[in-house]
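Asker: Structure for the following, please:
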Amino acid sequence: MNEDQSRHALNTALSRLLRPLFRLLLRYGVSYGSFEALARQTFVDVAMDVAGLDGKKPSLSRISVLSGLTRKEVQHLSTHKEVLTAADQFNRAARVLTGWVRDADFHDAHGEPDILDPDGAGGFTALVKRHSGDVPARAVLDELIRVGAVRRRDDGRIELLERAYVPSRSAVEKLRILGNDVADLIDTIDHNLVHGATDPRFQRKVMYRSVPADALPAFRQLGAKQSQALLEKMDRWLAAHDTDSQPDQPDLPRARVGLGIYYFEEPVARQQPQGDDT
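Answerer: The predicted model follows:
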C-alpha cells in the first residue's frame, strides 16, 4: 500500500470514527470551536510525546513541524496546558464488587455471592476492608446502591444485584468510559498496524449484516451471559497476577492490561424488490 492509499484509508476510517463522536458532542452542546480547541491542545500534547521518544527534549520547532501548527501556537498550548485526563485508577467500588464475586469468603454454600450483613466477620465492611483498603464502607455502599449494583434489603442486609460495576445512571461516568475504552481500542489497532506481524494483540469481532430484528433480544441475552462469564474468568487470572497482591515486590515492572468486549447493532435499510418502482 503506497502513501496515497494509506492516507485515503486513514481519512475514510477517521470520518467514520468521528461520526458517532460528533453526534455525541452535538447532543451535549459542544461546538466545533470547542472541539477544535481541544483537538489542538491534544495534538500538541501527543506531538510532544512522539518528539521525545528518542530521548531528546522536544523543541518548539520540532513540535511545530510534526503538528502543522505555528511555533507561536505550540508555545501557547504547551504553556497553558490543561489537565484533561480521566481517572485512570480502578474505581474502589468496582474492586469491592469484583471481590464479592470472586472471593469465596463472601460466598454462600452454593459458591455464589452471599447476602451480607453490614458488619462483622464475612460482612460488607469486612469485604470493603479486604478489597478496597481504608475507604469508608458506607461510601462504597452508597456508590454501589447509586449505580444499581447492590440493594439494602428490608432486614438491613446487603444483596448483590449486578456482577459488574456499570454506572447506569450517571452520564459523567459513562463519558469517562468513552474516553478510556475507545482510546484503548484505538491504541490496540495502532499497535497491530505497527507490530502486528511480530507482536499482535488480540482484536476480533463477529458480525452478520441481516439478522432478523426479533432475534436480537435472544442474542443480547446470550452475548451478555457468555461475555460476562469470560470476563470473570479473565478477571480471576489478572487478580492472581496483580502486583497489588505482591507488596513485597515494589520494583517489579508492571503494565496496565485488560480485555474488552462490547455489543453493537444498527438497523439495515430495507432493500426494494427487483422491478419495484414505488
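Asker: show me the contacts for residue 224.
Answerer: When contacts are counted by CB atoms under 8 Å, 6 or more residues apart in numbering, residue 224 touches residue 263. Any C-beta I mention is one placed from the backbone N, CA and C, and that applies to glycine too.
Asker: go with 6 Å
Answerer: Not one residue lies near residue 224 by CB atoms under 6 Å, 6 or more residues apart in numbering.
Asker: how close does it sit to residue 217?
Answerer: Per CB to CB, to the nearest Å, residue 224 is found 11 Å from residue 217.
Asker: now do residue 265
Answerer: From residue 265 to residue 217 the distance is 11 Å (CB to CB).
Asker: now do residue 243
Answerer: 41 Å.
Asker: Next: residue 240.
Answerer: From residue 240 over to residue 217 (counting by CB to CB), the distance is 36 Å.
Asker: Helices of the stretch 101-250 of the chain, residue ranges please.
Answerer: Here the stretch 101-250 of the chain has its helices, by DSSP state H, counting those that start in this stretch, at 124-132, 137-146, 171-195, 216-241.
Asker: First-to-last residue distance for stretch 162-179?
Answerer: 23 Å (CA to CA, to the nearest Å).
Asker: If you average the pLDDT over it, what comes out?
Answerer: Across stretch 162-179, pLDDT averages out at 72.
Asker: Quick check, residue 191 in contact with residue 201.
Answerer: Yes: using CB atoms under 6 Å, residue 191 is in contact with residue 201, at 5.5 Å.
Asker: Residue 48 contacts residue 58, correct?
Answerer: Yes: using CB under 6 Å, residue 48 is in contact with residue 58, at 4.9 Å.
Asker: residue ranges with poor pLDDT in the stretch 151-278 of the chain?
Answerer: Counting by pLDDT under 70, the stretch 151-278 of the chain shows low-confidence ranges at 166-170, 173, 244-250, 271-278.
Asker: Swap in 80 and give it another go.
Answerer: 163-177, 239, 242-252, 269-278 (pLDDT under 80).
Asker: can you list the helices of the stretch 101-250 of the chain in JSON lines and add distance to residue 77?
Answerer: Output for these, formatted as JSON lines (distance: least, CB to CB, whole Å):
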{"stretch": "helix 124-132", "distance to residue 77": "38"}
{"stretch": "helix 137-146", "distance to residue 77": "36"}
{"stretch": "helix 171-195", "distance to residue 77": "20"}
{"stretch": "helix 216-241", "distance to residue 77": "37"}
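Asker: most tightly surrounded among the ones you listed?
Answerer: For the helices of the stretch 101-250 of the chain, average neighbour numbers computed from mean count of other CB atoms under 10 Å are highest in helix 124-132, which has a mean of 20.
Asker: No further questions, thank you.
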